[in-house]
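> What would the 3D arrangement of this be:
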Amino acid sequence: MKIKHIVGAAALLSVAVGAAAQETVVKIGHSGPLSGSQSFSGKDNENGVRLAIEELNAKPITVAGKKIKFELQSEDDQGDPKAGVAAAQKLIDSGVKFVAGPYNSGVTIPASRAYNDAGVVIATVASNPKITQQGYKNLFRVNASDTQLGSKMALYAAKEMKLKTVAVIDDRTAFGQGLAEEFKKQAKLSGMTVAGHEFTTDKSFDFTSILTKLKTKNVEAIFFGGYAPQGAPMARQMKQLGINAKLLGGDTICTAEMGHLGGEAVADNVLCSQGGAILDKAANGPAFKARFLKRFNQNADVYAASFYDATMMFAQAMQKANSIDPAKVGPAISAIAYKGVAGNYAFDANGDMKQSPVTIFTFKGGQPAALTSY
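Numbers count the residues shown, from 1 in each chain. So this is what the prediction gives:
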């Protein structure tokens, strides 16, 4: 009897080993600010990737005759260029060939060189136009660029809000500066007067002096190129100084964190532009939001759906290429049109989306509330 048990166990072990041999592990990297003032965005994006990986592994896909098991490797780039390059190198050294991120333009610009040199495919929401002008073939932007985010906020301000005089503040990051310049350019083309352009940093929390300066110019709106941890206190200080101007911004202030940090100072006086259509009206948007809430016990924020889509897009391109080799998967991404939760992904020669709708939001009860998409 013992011999039969041993033979049976050996047979089972042989089957298990054979099954394991038919499974290929593919690491999906994530780079984002998992610590510091922007950690709410980094963790939200990471969860978008995690949800996609869990769903892919629940219904394993097959590539080149082998089941694929996806694993997440997430690195904290702190929203800092130097830390971002270190995070990129860590992912590269770990053998990661597909990365969702980085989130920040200032991180993506230097890190993308390291990824490109290592043959890594990356999908980023970072919006500075320079990112896709570097000529990197395996770099894809899964979101609107600053050109679209800044210009459409300006168009909305001119055409729908009928504003005549505005001012600009930017935080001097690659993202904030690029976004502010695009807003300013379109504002002037739309006939608005840009009465002032002030500068701060992404570490500042006191904007009293520059707001006091702008108050004397009687502007109807202030466009802020920067992030929610600065945008929220800026809204509070505008209220304290009796500045009745609207506060406008891009996607990084289109977040529940803006309402959380700003309290009653963030309401219909704040408007922002975000890449993508209105998620609640997208075909698969409500179902995605429900699954995300059930899994993480919190609502999906600005770009969770985009990071989810990027991961699913990687998987579809692997199937299309019948390979997990990034040298084959990258061209497959360029050639396919992937229908995701947050949008339809088809790319031009630079790696920018051929069509990326922009949605204008305001705030109700501390939460972003969509107004219109165009």
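
> S112: what's it in contact with?
I122, T124, I131, Q134, Y136, L139 (Cβ atoms under 8 Å, 6 or more residues apart in numbering). For glycine as for every other residue, the C-beta is placed from the backbone atoms N, C-alpha and C.

> So for the residue nearest to K159 when sequence neighbours are not counted, what's the pLDDT?
For K159, the nearest residue in space outside its immediate sequence neighbours is S190; the separation is 7.3 Å by Cβ to Cβ, 6 or more residues apart in numbering. Reading off the confidence values, S190 has pLDDT 97.

> quick one on the thing from earlier: ok, the contacts of S112 vs A157, which is closest?
I131 (25.4 Å; Cβ to Cβ).

> Look up how far F296 lies from the closest residue to that closest one other than its chain neighbours.
In space, and not counting its chain neighbours, I131 is closest to T108: 5.4 Å by Cβ to Cβ, 6+ apart. Plainly put, T108 is 25 Å away from F296 if you go by Cβ to Cβ, to the nearest Å.

> any idea which helix or strand of the protein has the worst average confidence?
Between all helices and strands in the chain, the lowest mean by mean pLDDT, DSSP states H and E belongs to helix 2-21, at a mean of 43.

> ok, then the element right after it?
The C-terminal neighbour of helix 2-21 among helices and strands, as given by DSSP states H and E, is strand 23-32.

> Partner strands of that next one, with direction?
Partner strands and pairing direction for strand 23-32 (DSSP bridges) are strand 66-76 (parallel), strand 98-100 (parallel).

> Single out the most deeply packed of those.
Highest mean neighbour count among those (mean count of other Cβ atoms under 10 Å): strand 98-100, with a mean of 29.

> Count the neighbours of E264 for me.
10 (other Cβ atoms under 10 Å).

> May I have the residues that are in contact with the residue nearest in space to the middle of the chain?
Centroid-nearest residue in the chain, with Cα atoms, centre = their mean: V125, separated by 3.7 Å. V125 makes contact with N45, Y103, R141, V142, N143, G275, Y303, S306, F307, according to Cβ under 8 Å, 6+ apart.

> mind running it again at 10 Å?
Contact analysis of V125 by Cβ atoms under 10 Å, 6 or more residues apart in numbering lists 32, 41, 45, 100-105, 108, 141-144, 251, 275-276, 302-303, 306-307, 310, 342.

> And it, its phi and psi?
Here is the backbone geometry of V125 (degrees, to the nearest 10): phi -100, psi 0.

> if I look at it, how far off is I324?
24 Å.

> what do you get for G242?
As judged by Cβ to Cβ, G242 and I324 stand 59 Å apart.

> Neighbour count for those two, which is higher?
Remark: of G242 and I324, I324 carries more neighbours, 20 against 7, as counted by other Cβ under 10 Å.

> and the helix or strand where P331 lies, what does it pack onto?
Assessed by DSSP H and E, P331 sits inside helix 326-335. Judged by 3 or more Cβ pairs under 10 Å, 6 or more residues apart in numbering; DSSP states H and E, helix 326-335 is in contact with strand 98-100, strand 121-124, strand 139-141, helix 304-321.

> Could you dump those into a markdown table with distance to K213 added?
A markdown table is the format used below for those (distance: least, Cβ to Cβ, whole Å):
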| stretch | distance to K213 |
| --- | --- |
| strand 98-100 | 40 |
| strand 121-124 | 35 |
| strand 139-141 | 35 |
| helix 304-321 | 36 |
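
> give me the low-pLDDT residue ranges for this protein?
For the chain, the stretches with pLDDT under 70 are 1-21.

> What ranges does the stretch 251-374 of the chain have for its helices?
Ranges of helices in the stretch 251-374 of the chain, per DSSP state H, counting those that start in this stretch, are 256-262, 285-296, 304-321, 326-335.

> Please write out the alpha-carbon positions of the first one in CSV.
Output of helix 256-262 as CSV, limited to C-alpha atoms (Å, rounded to 0.1, in the frame of the first residue of the first chain):
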residue,chain,number,x,y,z
ALA,A,256,-12.0,64.2,-3.8
GLU,A,257,-8.8,65.2,-1.9
MET,A,258,-9.3,68.7,-3.1
GLY,A,259,-12.7,68.8,-1.4
HIS,A,260,-11.4,67.0,1.7
LEU,A,261,-8.5,69.5,2.2
GLY,A,262,-10.4,72.6,1.1
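
> Remind me what that helix packs against, helices and strands.
helix 39-58, helix 228-240, strand 246-249, strand 270-275, strand 358-364, strand 367-373.

> Sort out which residues of that helix are buried, please.
A256, E257, M258, G259, L261, G262 (16 or more other Cβ atoms under 10 Å).

> tell me what the helix or strand hosting I169 is packed against?
Assigning secondary structure by DSSP H and E places I169 in strand 165-170. For strand 165-170, the packing partners by 3+ Cβ pairs under 10 Å, 6+ apart come out as helix 146-159, helix 174-189, strand 193-199, helix 208-215, strand 221-225, helix 228-240, strand 246-249.

> do you know which of these lies nearest L371?
L371 lies closest to helix 146-159 among the helices and strands packed on strand 165-170, at 8.3 Å (Cβ to Cβ).

> quick check, distance from that closest one to the centre of its chain.
Offset of helix 146-159 from its chain centre (Cα atoms, centre = their mean, to the nearest Å): 19 Å.

> Show me how the record splits this protein into domains.
Here the domain parsing of the chain from automatic domain parsing is 2-144+282-342, 147-275+359-373.

> Among the helices and strands packed on helix 326-335, show me which one is buried the most.
Buried most deeply of the helices and strands packed on helix 326-335, by mean count of other Cβ under 10 Å, is strand 98-100, with a mean of 29.
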